[in-house]
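*Asks:* Pasting the sequence and the predicted coordinates here, then a few questions.
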Amino acid sequence: MAAAAGSPTLPAAAAYRAYHPDAIMAYYRPYHPPADPELVRQLTATQNEMRQRVRLEPLAHPPKLIAGLDSSFPTPETILSVIVVLKFPELELVEKVYHYGTVNMPYVPGFLSFREAPNLLLAFEKLTQKPDVLMVDGHGIAHPRRMGIAAHIGVLLDKPSFGVAKQVLTGQHPEPSTEAGTTAPLTDKKTGELLGEVLRTKDRVKPVFVSPGHRIDQDTATALAWHCTRGYKLPEPTRLADHWAEEFKKEVR
DNA sequence: GCGACAG
DNA sequence: ATCTTGTCGC
């Protein structure tokens, strides 16, 4: 067996899970290479600065256009960012753009935005129709320093934004009921602060995590996410961004 | 000190 | 995120 410091192989992990869940899965826990302490210090300072600019408030006007933002990595050194714009509340696709660039930053938990945001902003510049609100894949303020990628993008563009994530980064929560449309609070264990809401978008399917990013509040973010779901786990904006990423991937290689 | 760790 | 096979359920 390889050293525990190595990167895990998922299929094998799945097989071992049934055999010996705890000990074996601990061995297969996703491994993140150590990040340069000085880099982390600088990025942390930047996030703390940006955090001061975040405003949580209701939308000034109901949105007419909502965007879905998503990034993927066709190769380890390239990034493909996709933005789709949908009419709201009809959810009719009105525009889709992408930008294909190079990766300049490693993935470090808590600093995802510095890896994906630059390329997303380049994609945003290509949009003809500017959306009223952005649904970003990842967290908003449900982040160790309250500056997840949705908040990061929102501040940089000074545009209402919120995050829809598939996995928790920080915070604790009870399980929402198994029925679609139900929610549960995601809170900070120490302070009790509300970080986001766990939203069951589909019956008996693992919920998503909705949190405000910038110039929006929790209730509006959750309501928008729910009004954008059409029988799938992911709300339409991010689901379609995901879908088109697969299509665009064929074009760039 | 030990775990947890978006995409 | 990305690489993978088969499998369970509506």
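*Replies:* Nice, I can see it. Numbering: from 1, shown residues only, chains lettered A, B, ... in the order given.
*Asks:* going forward, measure contacts and count neighbours with C-alpha atoms only.
*Replies:* Noted.
*Asks:* Please enumerate the strands of chain A.
*Replies:* Taking DSSP state E as the test, the strands found in chain A are A:65-75, A:78-87, A:93-102, A:133-137, A:161-165, A:183-187, A:194-199, A:208-214.
*Asks:* Need the winner for burial among the ones you listed.
*Replies:* strand A:208-214 (a mean of 32; mean count of other Cα atoms under 10 Å).
*Asks:* quick one on the thing from earlier: and the strands of chain A as a markdown table, adding mean pLDDT?
*Replies:* Converted to a markdown table, these look like this (pLDDT from 0 to 100):
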| stretch | mean pLDDT |
| --- | --- |
| strand A:65-75 | 98 |
| strand A:78-87 | 98 |
| strand A:93-102 | 98 |
| strand A:133-137 | 98 |
| strand A:161-165 | 98 |
| strand A:183-187 | 97 |
| strand A:194-199 | 98 |
| strand A:208-214 | 98 |
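*Asks:* Mind checking these for the one nearest to DNA strand C?
*Replies:* The minimum distance between DNA strand C and the strands of chain A falls on strand A:65-75, with 3.8 Å, by Cα to the nearest atom of the strand.
*Asks:* Give me the sheet partners of that closest one and which way each runs.
*Replies:* strand A:78-87 (antiparallel), strand A:133-137 (parallel) (DSSP bridges).
*Asks:* Any chance you could list what contacts it?
*Replies:* A:79-88, A:116, A:120, A:130-137, A:236-242, A:245, A:249 (Cα atoms under 8 Å, 6 or more residues apart in numbering).
*Asks:* could you dump the strands paired with strand A:65-75 to TSV with distance to DNA strand B?
*Replies:* Converted to TSV, those look like this (distance: least, Cα to the nearest atom of the strand, whole Å):
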stretch	distance to DNA strand B
strand A:78-87	10
strand A:133-137	5
